[in-house]
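Engineer: coords below, sequence missing:
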């Protein structure tokens, strides 16, 4: 309980170590998260997603400054599901956010994929809980666009901002599947570039195809342009922050915040079940060499994957949960 | 056993229905797959992946013609993990492949995401088994680039071809994480376009950073250009097919085919465990309303996700698989 207490008081070293342990999937991190859980649910969580080079961290950097001006405590989690090949983005991001490094009310951490597939969304959700329990008012979660994982990470936020840049792809077609559906706000960043009009029209065309939006919230498209002309850029950031706030207000007014929060909780429970049920069985099978034996049998065609899985289910499950389904 | 028999004899209607049942996750499909399993493992499975508009189906269409000239029986599975927004690609693909529709030795099916997240890779693996058991010599699996799911689908093939097009993104940076690592062959398609040289150089630069390649196979970069100048295009396709064949030969010669096949079997066993253990527990919890109850408790902060998951694990698991891990 002592660790949780320290984190609630805002102790940065303890929080940093806990997030590192979450990332490394160290089992004891779980118990601290359990203790922190009752003190979560107060922060507003805002997700930004988009391709590498879309300028997400510059946006976050400016948004942090804006929310700090309003005396909000801010957290930022930079999630990097990229590979060793395309990696390195995160390092650049953290450097870009460094002007806030001296501000004790800004807490920036990064989270990368280590080893095991999946689990990153769960780690991101837990890291958000840590920042939430620390008392942050606003938490930004940045992910680099990589399909499924990205969508899963966005399950943990209240407002999803999709950042696009003109000329980055042939068209909206190139946007990763699943992300368009979860977008609450679109940003066309670097809007001084050629192709902005085309991208805007494509987004409008796509949005016009939608019959009805949940909560009557049609995702607005915000232009943020010309980093080098301070005024124009700041105007864009201001408009973005207004839309972020009105999206949240809309959730509250239309009684949809509960749905959103429920959706977050559902995602978390799913991820926890994976980690508490399937992962330990897999670890046991692997450590005993049984997993390899089964693969050998599969290769010799002595059995098939479903028969294998059913036998393992029979061995580990106390009772068959649903007659027929696993058989 | 009758259905499996029909499929082994190449009955297209039975195979089509089975693949549809796999897609819809109908439990009885399992038992037919079980019966087919001993008759799989003979086909060579070739994956193509890349962004929408990269020209994958045109490549597959030409490769099918080429392998048909050599009297090989061919299957093609077009997997579409895209959203309703970006969807429609598949329909176009199937139209493009229609010139083979009258050929009884070419079997083309598509597979789309329906409802449930995940599971698509498992469905793709099972559909490949069906085509394999039908006696196809070569099976092409096409996916539209969407990160994690795409990588998981590529677990089910022997040779992974990544199709790129100049000018589709700012750079190789835009390529989805994880896919670069599994590429066996790169194709720069539409290589008459501007930006081809830059893309080629970027790929070379990236490949030069790699210290050693498994089996000393450095992924070749093939240019396929100018669909409208038949000779140039066909030259590219021929070179591609030669590299596909030499990649396979290299797997055999370097004794790596076993590793690749083992990797496929491991992925399948993992997917089957998910479907036999976790899915039925989830279905039970949901159908009894217990899942919703737990989410309610989470929202009221009466419990936390880990405690919930541990209790469910205690209820359903015969014994704790690994002391401490689930606790």
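Structural biologist: Great, that's in hand. Remember, predicted model here, so these are calculated numbers, not experimental data.
Engineer: in the longest helix along chain A, what counts as buried?
Structural biologist: Identified as the longest helix of chain A according to DSSP state H is helix A:230-253. Residues of helix A:230-253 classed as buried under the neighbour-count rule (16 or more other C-beta atoms under 10 Å in any protein chain shown) are A:233, A:236-237, A:240-241, A:243-244, A:247-248, A:250-251. No exception for glycine: its C-beta is placed from N, CA and C like everyone else's.
Engineer: can you confirm residue A:192 is in a helix?
Structural biologist: No. Using DSSP: H, G, I helix; E, B strand; the rest coil, the assignment for residue A:192 is coil, not a helix.
Engineer: just to revisit the earlier point, any chance of the buried residues of helix A:230-253 in TSV, plus pLDDT and distance to chain B?
Structural biologist: Shown next, in TSV, are the buried residues of helix A:230-253 (pLDDT from 0 to 100; distance: C-beta to the nearest C-beta, whole Å):
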residue	pLDDT	distance to chain B
A:233	88	21
A:236	93	21
A:237	94	23
A:240	96	22
A:241	95	27
A:243	96	21
A:244	96	23
A:247	95	20
A:248	93	18
A:250	92	20
A:251	90	15
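Engineer: would you mind putting those into CSV with distance to residue A:290 alongside?
Structural biologist: Output for the buried residues of helix A:230-253, formatted as CSV (distance: C-beta to C-beta, whole Å):
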residue, distance to residue A:290
A:233, 58
A:236, 57
A:237, 55
A:240, 53
A:241, 54
A:243, 53
A:244, 50
A:247, 50
A:248, 50
A:250, 52
A:251, 48
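Engineer: which strands or helices does the longest helix of chain A pack on?
Structural biologist: With contacts taken as 3 or more C-beta pairs under 8 Å, 6 or more residues apart in numbering or on different chains; DSSP states H and E, helix A:230-253 sits against helix A:56-69, strand A:159-164, strand A:185-189, strand A:221-224, helix A:257-273.
Engineer: what do you get if the cut-off is 7 Å, keeping everything else the same?
Structural biologist: helix A:56-69, strand A:159-164, strand A:185-189, strand A:221-224 (3 or more C-beta pairs under 7 Å, 6 or more residues apart in numbering or on different chains; DSSP states H and E).
Engineer: out of those, which comes closest to residue A:277?
Structural biologist: strand A:159-164 (28.8 Å; C-beta to C-beta).
Engineer: now do the closest one: everything it contacts.
Structural biologist: Applying C-beta atoms under 7 Å, 6 or more residues apart in numbering or on different chains, the set of residues contacting strand A:159-164 from outside is A:46-50, A:54-56, A:59, A:154, A:179, A:182-189, A:199, A:244, A:247-248.
Engineer: redo that, cut-off 8 Å
Structural biologist: The contact list for strand A:159-164, computed with C-beta atoms under 8 Å, 6 or more residues apart in numbering or on different chains, reads A:44-50, A:54-56, A:59, A:154, A:172, A:175, A:179-180, A:182-189, A:199, A:203, A:240, A:244, A:247-248.
Engineer: contacting residues around the closest residue to residue A:44 other than its chain neighbours?
Structural biologist: Closest residue to residue A:44 apart from its sequence neighbours, by C-beta to C-beta, 6 or more residues apart in numbering or on different chains: residue A:138 at 5.3 Å. Residues in contact with residue A:138 (C-beta under 8 Å, 6+ apart) are A:43-44, A:46, A:67, A:72-75.
Engineer: repeat that for 7 Å
Structural biologist: Residue A:138 touches A:43-44, A:46, A:67, A:72, A:74, counting by C-beta under 7 Å, 6+ apart.
Engineer: how about residue A:38?
Structural biologist: residue B:301.
Engineer: now do the helices in the stretch 1-150 of chain A.
Structural biologist: Listed in chain order, the helices of the stretch 1-150 of chain A (DSSP state H, counting those that start in this stretch) span A:2-8, A:12-23, A:29-36, A:56-69, A:89-96, A:120-133, A:148-154.
Engineer: ok, and what's touching the fourth one?
Structural biologist: Counting contacts by C-beta under 7 Å, 6+ apart, the residues outside helix A:56-69 that touch it are A:48, A:50, A:74, A:76, A:93, A:96-97, A:100, A:103, A:106, A:138, A:140, A:142, A:163, A:187, A:189, A:224, A:227, A:237, A:241.
Engineer: from the residues you listed, keep the buried residues only.
Structural biologist: The buried subset of those - by 16+ other C-beta under 10 Å - is A:48, A:50, A:74, A:76, A:93, A:96-97, A:100, A:106, A:138, A:140, A:142, A:163, A:187, A:189, A:224, A:237, A:241.
Engineer: distance of residue A:164 from residue A:185?
Structural biologist: With distances taken as C-beta to C-beta, to the nearest Å, residue A:164 is found 11 Å from residue A:185.
Engineer: which one of those two has more residues nearby?
Structural biologist: Between residue A:164 and residue A:185, residue A:164 has the larger neighbour count (other C-beta atoms under 10 Å in any protein chain shown), namely 26 against 21.
Engineer: for chain B, see how far away the more buried one is.
Structural biologist: 12 Å (C-beta to the nearest C-beta, to the nearest Å).
Engineer: now that residue, which residues is it bridged with?
Structural biologist: Beta-bridge partners recorded for residue A:164 (DSSP bridges): residue A:188.
Engineer: mind checking pLDDT for it?
Structural biologist: Per-residue pLDDT puts residue A:164 at 88.
Engineer: again, but for residue A:1
Structural biologist: 62.
Engineer: which secondary element of chain A has the worst mean pLDDT?
Structural biologist: helix A:89-96 (a mean of 53; mean pLDDT, DSSP states H and E).
Engineer: how many neighbours does residue A:318 have?
Structural biologist: Residue A:318 has 11 nearby residues by other C-beta under 10 Å.
Engineer: now for it: which residues touch it?
Structural biologist: With contacts defined as C-beta under 7 Å, 6+ apart, the neighbours of residue A:318 are B:316-318.
Engineer: how distant is stretch A:18-33 from the center of its chain?
Structural biologist: 17 Å (C-alpha atoms, centre = their mean, to the nearest Å).
Engineer: poorly predicted segments of the stretch 1-150 of chain A, please.
Structural biologist: Residues of the stretch 1-150 of chain A that meet the criterion pLDDT under 70 lie in A:1, A:81-96, A:113-118, A:145-148.
Engineer: to residue A:255, which of the helices of the stretch 1-150 of chain A lies closest?
Structural biologist: Among the helices of the stretch 1-150 of chain A, the nearest to residue A:255 by C-beta to C-beta is helix A:148-154 (21.4 Å).
Engineer: show me what that closest one is packed against.
Structural biologist: Using 3+ C-beta pairs under 7 Å, 6+ apart: helix A:148-154 touches strand A:44-50, helix A:120-133, strand A:138-144, helix A:179-182, helix B:148-154.
Engineer: which residues sit in contact with the one residue sitting closest to the centre of chain A?
Structural biologist: By C-alpha atoms, centre = their mean, chain A has its centre lying nearest to residue A:153, at 2.9 Å. Taking C-beta under 7 Å, 6+ apart, we find residue A:153 in contact with A:79, A:120-121, A:124, A:141, A:143.
Engineer: tabulate the helices and strands packed on helix A:148-154 (JSON lines), appending distance to residue B:29.
Structural biologist: Shown next, in JSON lines, are those (distance: least, C-beta to C-beta, whole Å):
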{"stretch": "strand A:44-50", "distance to residue B:29": "35"}
{"stretch": "helix A:120-133", "distance to residue B:29": "29"}
{"stretch": "strand A:138-144", "distance to residue B:29": "35"}
{"stretch": "helix A:179-182", "distance to residue B:29": "28"}
{"stretch": "helix B:148-154", "distance to residue B:29": "18"}
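Engineer: and of the ones you listed, who's closest to residue A:26?
Structural biologist: helix A:120-133 (11.1 Å).
Engineer: closest one of the contacts of residue A:138 to chain B?
Structural biologist: residue A:43 (14.3 Å; C-beta to the nearest C-beta).
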